[in-house]
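Asks: predicted coordinates and the sequence they were generated for:
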Amino acid sequence: ELKVEQNPLFLSMQEGKNYTIYCNYSTTSDRLYWYRQDPGKSLESLFVLLSNGAVKQEGRLMASLDTKARLSTLHITAAVHDLSATYFCAVDSYGKLTFGQGTILTVHP
Amino acid sequence: KAGVTQTPRYLIKTRGQQVTLSCSPISGHRSVSWYQQTPGQGLQFLFEYFSETQRNKGNFPGRFSGRQFSNSRSEMNVSTLELGDSALYLCASSDRTGWTGELFFGEGSRLTVL
């Protein structure tokens, strides 16, 4: 059974600082997604990573995928308050997404 | 281009009742997936439909069922509701024909079981 683990689960950051969220998964897959969820809202797609070594960047967020290590990272650069949300990684296995527990990110002034 | 539309957005039911949730995918998308989100279990896969056929199923009891119509709209039904079925039910559509293709999620249907 595929397992997906994120860490940390809670992240309190100061504005302007950098940090990384890690996503480890247990079986081979070369399709991984990152989503953002605001309270009471649905999932917003951030990145789709489809191959080993894939790196994608959007604004202050950068995601990467290492399929050999079964690891994806979401790096936050110079955090701002608007990035406060819950971030999920999800691994795709034959059309079924298995999600991590989510990382609750709070950015403080 | 309209996004994924789910109805109803909120509903309250009592134990033992049944509920039907609806999902209209993005135009042209033939794959529809359903997920349940609860504080305790997180996001869990229910099932995926493609061209009116169930292609994949998660580990949920038979009380949870779904179907897809020829216009790709999908419904899911939960019978004999239990308190633990209270959750946000999310529908996702994709233009995937094989196993790749980004999923786009709707706003969800929030079910409360009393």
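Replies: Noted; the coordinates are in hand.
Asks: next up, the contacts around residue B:55.
Replies: Shown in contact with residue B:55 (CB atoms under 8 Å, 6 or more residues apart in numbering or on different chains): A:95, B:31, B:48-49. C-beta coordinates here come from the backbone N, C-alpha and C atoms, glycine included.
Asks: typed the wrong thing, it's residue B:75
Replies: Contact analysis of residue B:75 by CB under 8 Å, 6+ apart lists B:20-23, B:66-67, B:69.
Asks: how about a cut-off of 10 Å?
Replies: Neighbour list for residue B:75: B:20-23, B:32, B:34, B:49, B:65-69, B:91 [criterion: CB atoms under 10 Å, 6 or more residues apart in numbering or on different chains].
Asks: bridged to residue A:25, which residues?
Replies: residue A:4 (DSSP bridges).
Asks: report whether stretch A:70-84 contacts chain B.
Replies: No: Stretch A:70-84 lies out of reach of chain B by CB under 10 Å from any CB of the partner chain, never closer than 15.6 Å.
Asks: which of the residues in that stretch are buried?
Replies: Within stretch A:70-84, the residues scored as buried using 16 or more other CB atoms under 10 Å in any protein chain shown are A:70, A:72-74, A:76-77, A:79, A:83-84.
Asks: partners of the host helix or strand of residue A:12 in the sheet?
Replies: When elements are assigned from DSSP states H and E, residue A:12 belongs to strand A:10-14. Strand pairing for strand A:10-14, using DSSP bridges, gives strand A:103-108 (parallel).
Asks: which parts of chain B sit against chain A?
Replies: Within chain B, the residues that sit near chain A (CB under 10 Å from any CB) are B:3-4, B:6, B:31, B:33, B:35, B:37, B:41-48, B:50, B:55-59, B:88, B:90-92, B:94, B:96, B:98-108, B:110.
Asks: so which of those are in strands?
Replies: Of these, the ones assigned to strands by DSSP state E are B:6, B:31, B:33, B:35, B:37, B:42-48, B:50, B:55-57, B:88, B:90-92, B:94, B:104-105, B:110.
Asks: ok, back up a step: highest neighbour count among the contacts of residue B:55?
Replies: Counting neighbours by other CB atoms under 10 Å in any protein chain shown, residue B:48 comes out on top of these with 27 neighbours.
Asks: wait, it touches residue B:101, no?
Replies: No: between residue B:48 and residue B:101 there is no contact under CB atoms under 10 Å: 11.4 Å.
Asks: filter the ones in strands among the residues of chain B next to chain A to the buried ones?
Replies: Neighbour counting with 16+ other CB under 10 Å marks B:6, B:31, B:33, B:35, B:37, B:42-48, B:50, B:55-56, B:88, B:90-92, B:94, B:104-105, B:110 as buried within these.
Asks: and residue B:11, what's its pLDDT?
Replies: Listed pLDDT for residue B:11 reads 96.
Asks: check contacts around it.
Replies: By CB under 10 Å, 6+ apart, the neighbours of residue B:11 are B:19-21, B:109-113.
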